[in-house]
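Trainee: what follows is a protein structure lacking sequence information:
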């Protein structure tokens, strides 16, 4: 969305308020001034934001998050035009701090919802494209691990919540199948103990030797690895969408959230989902587009056979 605006208004000054982790991924993006909102600082984060923006007045605020935290944070931003979601999506009090709404959309992907903000300020080319700058050193790091032309399946197995993770023995079965097809298999992820533990369990269950890079990469190094990969398998988690930005096919594993709304945008046809099945079991009557399914064992409904079938299609 930001880069669509930059194509339409190349001289526009853009300030982007974002989290400190996301900043590590986007910090080299040209033409953008970043202001970090560190939610781990609690109530101080709001005062720090106000201090960082003191004296600045903006022509427009694109209020693109509906969490109450974002609604409160927006009070620190002085802008004449304050654009938020349409009334149906302007939750957590967002409608109280905006004075204009984007067009309503019936069943949008999150990305399409964001593009509605670009459209609201006159952008007409809404074709998604991504250009996240990657430093040469990070590219070289990834190319050392995965030389160009290599056949590598990358598994990013961990989501932000453990209930969205697939079973380690099933990841292992898919990994063994890929190795049988002549592919290297690399497990990637962040340094959190739960991510390391999940990777260890996958390796322990696998019959073949897997390459474990969990906790060994920065976000930009991981992005470069995802670019070099042949295929990526991941649940509803950040690396799935990072792979999309690099043009790498993704097999998304979904049970709790609607893949039509949050699936890997350019690989929606490759998603393996049981969401439709479980949500109709849990809800009666019309189901709002963004409704989440609940339960700790929903991912167990995704079979190894379905994932291997989708993987074979992509490998072919």
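Mentor: Okay, I see it. Note that this is a predicted model, so its numbers are computed, not measured.

Trainee: does residue 186 belong to a helix, a strand or coil?
Mentor: Assigned with DSSP: H, G, I helix; E, B strand; the rest coil, residue 186 falls in the strand class.

Trainee: quick check, it in contact with residue 154.
Mentor: Yes. Using Cβ atoms under 8 Å, residue 186 is in contact with residue 154, at 5.0 Å. All C-beta atoms are positioned from the backbone trio N, CA, C, and that covers glycine.

Trainee: higher neighbour count, the two?
Mentor: Set residue 186 next to residue 154 and count neighbours by other Cβ atoms under 10 Å: residue 154 wins out with 27 against 23.

Trainee: the more buried one: which element?
Mentor: In this structure, residue 154 sits in strand 152-155 according to DSSP states H and E.

Trainee: which outside residues touch the helix or strand following that strand?
Mentor: Using DSSP H and E, the helix or strand that follows strand 152-155 in sequence is helix 168-180. Applying Cβ atoms under 8 Å, 6 or more residues apart in numbering, the contact partners of helix 168-180 are 153, 155, 157, 185, 198, 201-208, 210, 233, 302-304, 307-308, 311, 315.

Trainee: what's the burial count for residue 30?
Mentor: Residue 30 is flanked by 8 other residues according to other Cβ under 10 Å.

Trainee: distance of the residue nearest to it when sequence neighbours are not counted from residue 25?
Mentor: Spatially, and ignoring its direct neighbours in sequence, residue 30 is nearest to residue 133 (7.2 Å; Cβ to Cβ, 6 or more residues apart in numbering). To residue 25, residue 133 is 10 Å away according to Cβ to Cβ, to the nearest Å.

Trainee: what's the answer for residue 128, then?
Mentor: Counting by Cβ to Cβ, the separation of residue 128 from residue 25 is 17 Å.

Trainee: and if you look at residue 217?
Mentor: Distance from residue 217 to residue 25, by Cβ to Cβ: 12 Å.

Trainee: before we move on, what about residue 15?
Mentor: Separation of residue 15 from residue 25 (Cβ to Cβ): 17 Å.

Trainee: next: residue 161.
Mentor: Residue 161 is 20 Å from residue 25, by Cβ to Cβ.

Trainee: what about the residue with the largest distance to the centre of the chain, helix or strand, and which?
Mentor: Relative to the mean C-alpha coordinate of the chain, counting by Cα atoms, centre = their mean, the farthest residue is residue 55 (33.0 Å). Applying DSSP H and E as the criterion places residue 55 outside every helix and strand.

Trainee: need the strands for this structure, in chain order.
Mentor: Along the chain, the stretches classed as strands by DSSP state E are 14-18, 32-36, 57-62, 78-84, 100-101, 152-155, 184-187, 211-212, 231-235, 250-254, 272-273.

Trainee: give me the phi and psi for residue 288.
Mentor: Taking degrees, to the nearest 10, you get phi -50, psi 150 for the backbone angles of residue 288.

Trainee: neighbours of it, just the number please.
Mentor: 9.

Trainee: which parts of stretch 272-283 are buried?
Mentor: Within stretch 272-283, the residues scored as buried using 16 or more other Cβ atoms under 10 Å are 272, 273, 274, 275, 278, 279.

Trainee: could you do stretch 81-96 as well?
Mentor: Using 16+ other Cβ under 10 Å as the test for burial, stretch 81-96 gives 82, 83, 84, 85, 89, 90, 94, 95.

Trainee: excluding chain neighbours, what is closest to residue 89?
Mentor: Nearest residue to residue 89 in three dimensions, chain neighbours excluded: residue 66, at 6.6 Å (Cβ to Cβ, 6+ apart).

Trainee: quick one: pLDDT of the one you found?
Mentor: pLDDT recorded at residue 66 is 90.

Trainee: distance check, residue 238 against residue 224.
Mentor: From residue 238 across to residue 224, the span is 15 Å (Cβ to Cβ).

Trainee: who has more neighbours, the two?
Mentor: Shown here are residue 238 and residue 224; by other Cβ under 10 Å, residue 224 has more neighbours (25 against 19).
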